[in-house]
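Enquirer: predicted coordinates and the sequence they were generated for:
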Amino acid sequence: MKSYLAAAVQMTSLPNLQKNLIQAEELIDLAVRRGAELIALPENFSFLGDEQEKLTQAEAIARESEKFLKTMAQRFQVTLLGGGFPVPVGNGKVYNTALLIDPSGAELARYEKVHLFDVNVPDGNTYQESGTVLAGVRLPPVYPSKELGNLGLSVCYDVRFPELYRHLAQMGAEVLFVPAAFTAFTGKDHWQVLLQARAIENTCYVLAPAQTGRHYAMRQTHGHAMIIDPWGMVLADAGDEPGVAIAAIEPSRLEQVRRQMPSLQHRVFI
Ligand SMILES: O=C(O)CNC(=O)[C@H](CS)NC(=O)CCC(=O)C(=O)O
């Protein structure tokens, strides 16, 4: 693993595939110009809208999202995470899928979100993700990159389930992706705390791209895409406007924290 810059992208995605891909491309371009070699896009980067509309357009969203990720990774010669987009399953539902692509455009890892957000948030919204999404049944993968470190996948609401990240840590993860579309209501109290906890307890970097602002109807997300180091320090925070949070991923820092706080070696249960 080498030292390199990583970027967590922050977007305001809309119910408009083409507009979202243009916004994502601009932000990838910005991250590349700032030197990022690993770039992560948030959950719902290519479409954030009404659930039924998402289902109707799912074929096109899946096809265009995958094509976009491969084209961008190749064009900019970066490793790119698409933090979550619908991929039709065949029974009228979709998997909420995160996809990791290498600079040659090849697929490195794929994860289908297992924890679905079926929550009545007291902000006027009821979220029933399982109405359109089928829960994944496989534990998330860790992709062992020689240059970028061991990269563990997850999506959004997963961040509330520490056992998933323990699994990733056990598989050797050094960088944890948490691409999200956190609600503004829960995000203000929980987002950063949860991310710091996952970083500290697993002594891993956390790369958390996010959605921000108003998307459609009452849907409002928290923003604060961030990068956290294995000690739990926030290295970069994108605030609440679209943009990028960029920070250095340093193997020496990872090693130092794991020497100072060897808690992963003191596990008793898992
Ligand atoms: O907001 C939207 O419309 C889009 N959001 C999403 O697609 C997903 C599934 S509904 N959101 C989350 O998982 C939020 C989790 C969360 O906010 C928490 O755990 O508090």
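Expert: Looks like it came in fine. This one's a predicted model, so the numbers in the text were calculated from it and none came from an experiment. Numbers count the residues shown, from 1 in each chain.
Enquirer: hey, let's count contacts and neighbours off CA atoms from now on
Expert: OK.
Enquirer: for E37, helix, strand, or coil?
Expert: Here E37 is recorded as strand under DSSP: H, G, I helix; E, B strand; the rest coil.
Enquirer: wait, it sits on L5?
Expert: Yes - using Cα atoms under 8 Å, E37 is in contact with L5, at 5.9 Å.
Enquirer: and the gap between the residue of the stretch 101-250 of the chain found nearest the ligand and A208?
Expert: Residue of the stretch 101-250 of the chain nearest the ligand, by Cα to the nearest ligand atom: F182 (3.5 Å). Noted for F182: a distance of 11 Å to A208, by Cα to Cα, to the nearest Å.
Enquirer: who's more crowded, the two?
Expert: Taking other Cα atoms under 10 Å, F182 and A208 do not tie; A208 has more neighbours (32 against 22).
Enquirer: ok, that one - contacts?
Expert: By Cα atoms under 8 Å, 6 or more residues apart in numbering, the residues touching A208 are A8, A40, P42, F177, V178, P179, A180, L195, A225, M226, I227.
Enquirer: just grab the bridge partners of it for me.
Expert: Beta-bridge partners for A208, by DSSP bridges, are M226.
Enquirer: mind jotting down where the helices sit in the stretch 51-200 of the chain?
Expert: Under the criterion DSSP state H, counting those that start in this stretch, the stretch 51-200 of the chain contains helices at 51-56, 58-76, 162-170, 184-202.
Enquirer: spell out which residues of the stretch 151-270 of the chain are next to the ligand.
Expert: Counting by Cα under 6 Å from any ligand atom, the residues of the stretch 151-270 of the chain close to the ligand are C156, Y157, A181, F182, T183, T186, R219.
Enquirer: format these as CSV; extra columns: pLDDT.
Expert: Shown next, in CSV, are those (pLDDT from 0 to 100):
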residue, pLDDT
C156, 98
Y157, 98
A181, 98
F182, 98
T183, 97
T186, 97
R219, 91
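Enquirer: where does the protein have low pLDDT?
Expert: Nowhere does the chain drop to pLDDT under 70.
Enquirer: report the central residue of it.
Expert: For the chain, P179 is the residue whose C-alpha lies nearest the centre (Cα atoms, centre = their mean; 1.7 Å).
Enquirer: confirm for me that that one is in contact with N96.
Expert: No - if you go by Cα under 8 Å, P179 and N96 don't touch, sitting 11.6 Å apart.
Enquirer: any common contacting residues for the two?
Expert: Here P179 and N96 share the contacting residues G84, scored by Cα under 8 Å, 6+ apart.
Enquirer: if we can go back for a sec, any chance of the helices of the stretch 51-200 of the chain in a markdown table, with mean neighbour count too?
Expert: A markdown table is the format used below for the helices of the stretch 51-200 of the chain (neighbours: other Cα atoms under 10 Å):
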| stretch | mean neighbour count |
| --- | --- |
| helix 51-56 | 15 |
| helix 58-76 | 19 |
| helix 162-170 | 18 |
| helix 184-202 | 19 |
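Enquirer: what comes up buried for stretch 20-33?
Expert: For stretch 20-33, burial by neighbour count (16 or more other Cα atoms under 10 Å) applies to N20, L21, Q23, A24, L27, I28, D29, L30, A31, V32.
Enquirer: in helices only, show me those.
Expert: Here DSSP state H is the test, and those give N20, L21, Q23, A24, L27, I28, D29, L30, A31, V32 as lying in helices.
Enquirer: so what's the third one closest to, chain neighbours aside?
Expert: What it means is Q23. Closest residue in space to Q23, ignoring its immediate chain neighbours: M11 at 7.5 Å, by Cα to Cα, 6 or more residues apart in numbering.
Enquirer: quick one: that neighbour from the ligand, how far?
Expert: To the ligand, M11 is 12 Å away according to Cα to the nearest ligand atom, to the nearest Å.
Enquirer: which residues does that residue bridge with?
Expert: For M11, the beta-bridge partners under DSSP bridges are Q211.
Enquirer: any chance of JSON lines for the helices of the stretch 51-200 of the chain, columns distance to T126?
Expert: Shown next, in JSON lines, are those (distance: least, Cα to Cα, whole Å):
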{"stretch": "helix 51-56", "distance to T126": "12"}
{"stretch": "helix 58-76", "distance to T126": "21"}
{"stretch": "helix 162-170", "distance to T126": "24"}
{"stretch": "helix 184-202", "distance to T126": "12"}
